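[1] got a predicted model here, sequence first, then my questions.
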Amino acid sequence: MTTNQMTLANPKRVRLVDHADVVRLTAVQNPLTNLVVRLAIVPGLVRPGIAHWDVKTRLPLHPLSNENAYGDPQLLHDLAVPGEAFAHRLGVDVIVGAETGGIPLATAVALAGDLPFAFVRKPGYVGHEDHEPRVRGAAVAGQRVLLVDDAVSSGKALEAFADELQSEGANLVGVFVLVDMRDVATSVAPITITLPIESIATYLEVLTAATDHGILDPATHQLAVDALVNHWPNDDPRWTLLNHAA
Ligand SMILES: O=C(O)c1cc(=O)[nH]c(=O)n1[C@@H]1O[C@H](COP(=O)(O)O)[C@@H](O)[C@H]1O
């Protein structure tokens, strides 16, 4: 037996499996790991192109098109399951979708939990009228609400959504997102520390799964993680290396 082989302890049918098989079996058995991979391999969600990290726009090296995850109804349904479990644990009364990327996921969570649904408009969006209600759908006053968005990074949007909900008298008790990008944020708002936040994956987990599945080149991925985690300054000479690797 080679070192990367293991014996499965089944007295009736003992068989040798490769380590790679064990990894695959583990992935299938752990629904969240499986969801991270399913999210990362959604066509177009992780784009291999390189864009410089920009502190002002928070643009990551590999921008994520999270909305692409909503293209597959089975995936959308499955992504909502951990959100519904979280809502259940928190004793939530209303699911609130954050305009715009959070709305489809929030709808799926509300349907999974048979809970009322509302959405909160993104503060400052062009085209909003001042007299329009900021929160639409189910009444949220006095209710325990779960805010659902596609991503959280600096938490600035979350702060603004929380203010809107508070002004409507809602009790915001938690946040559920597809991708938690705080792992590469330069700073985070205090609300992201005090409020319970659950996600399907962190940003770096998505990139790693995309690399493992051939979407990103491993050498580029390694450089990109270094740039993000160590916050390379804009004049760092290694950007040239990264551009060449892309
Ligand atoms: O539409 C956006 O605002 C948006 C664009 C984008 O490219 N990436 C992105 O994360 N967002 C939103 O920005 C918010 C997360 O960023 P922070 O405010 O930095 O936490 C979420 O509401 C996202 O839907």
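    Perfect, thanks for sending it. Just so it is clear, the structure is predicted and the values come from calculations on it, not from any experiment.
[2] and the ligand, is the host helix or strand of Ala157 touching that?
    Using DSSP states H and E, Ala157 sits in helix 156-167. Yes. Against the ligand, helix 156-167 shows contacts by Cβ under 6 Å from any ligand atom at Lys156, Ala157, Leu158. In this view, the C-beta of every residue, glycine as well, is placed from N, C-alpha and C.
[3] got a list of what the last one touches?
    The neighbours of Leu158, taking Cβ atoms under 8 Å, 6 or more residues apart in numbering as the test, are Leu147, Asp149, Val152, Val175, Ala189, Ile191, Thr192, Leu195.
[4] now render those residues as JSON lines, adding neighbour count, pLDDT and secondary structure.
    Compiled in JSON lines, those are given as follows (neighbours: other Cβ atoms under 10 Å; pLDDT from 0 to 100; DSSP: H, G, I helix; E, B strand; the rest coil):
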{"residue": "Leu147", "neighbour count": "29", "pLDDT": "98", "secondary structure": "strand"}
{"residue": "Asp149", "neighbour count": "28", "pLDDT": "98", "secondary structure": "strand"}
{"residue": "Val152", "neighbour count": "28", "pLDDT": "96", "secondary structure": "strand"}
{"residue": "Val175", "neighbour count": "27", "pLDDT": "98", "secondary structure": "strand"}
{"residue": "Ala189", "neighbour count": "20", "pLDDT": "95", "secondary structure": "coil"}
{"residue": "Ile191", "neighbour count": "18", "pLDDT": "97", "secondary structure": "helix"}
{"residue": "Thr192", "neighbour count": "19", "pLDDT": "96", "secondary structure": "helix"}
{"residue": "Leu195", "neighbour count": "17", "pLDDT": "98", "secondary structure": "coil"}
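[5] could you measure from the residue nearest to Gln166 when sequence neighbours are not counted over to Arg134?
    Nearest residue to Gln166, sequence neighbours excluded (Cβ to Cβ, 6 or more residues apart in numbering): Leu172, at 7.1 Å. Using Cβ to Cβ, to the nearest Å, Leu172 is found at 14 Å from Arg134.
[6] what about the residue positioned nearest the centre of the chain, which SS state?
    Taking Cα atoms, centre = their mean, the centroid of the chain lies closest to Val179, which sits 1.2 Å from it. When classified by DSSP: H, G, I helix; E, B strand; the rest coil, Val179 comes out as strand.
[7] try the one 4 residues further on
    Taken by three-state DSSP, the conformation at Asp183 corresponds to helix.
[8] phi first, then psi, for the residue nearest to it when sequence neighbours are not counted.
    Among residues not flanking Asp183 along the chain, Thr202 sits closest, at 4.6 Å (Cβ to Cβ, 6+ apart). With angles defined as degrees, to the nearest 10, Thr202 sits at phi -90, psi 170.
[9] what about Thr202, how many residues nearby?
    Other residues near Thr202 come to 16 when the count uses other Cβ atoms under 10 Å.
[10] may I have the beta-bridge partners of it?
    Asp180 (DSSP bridges).
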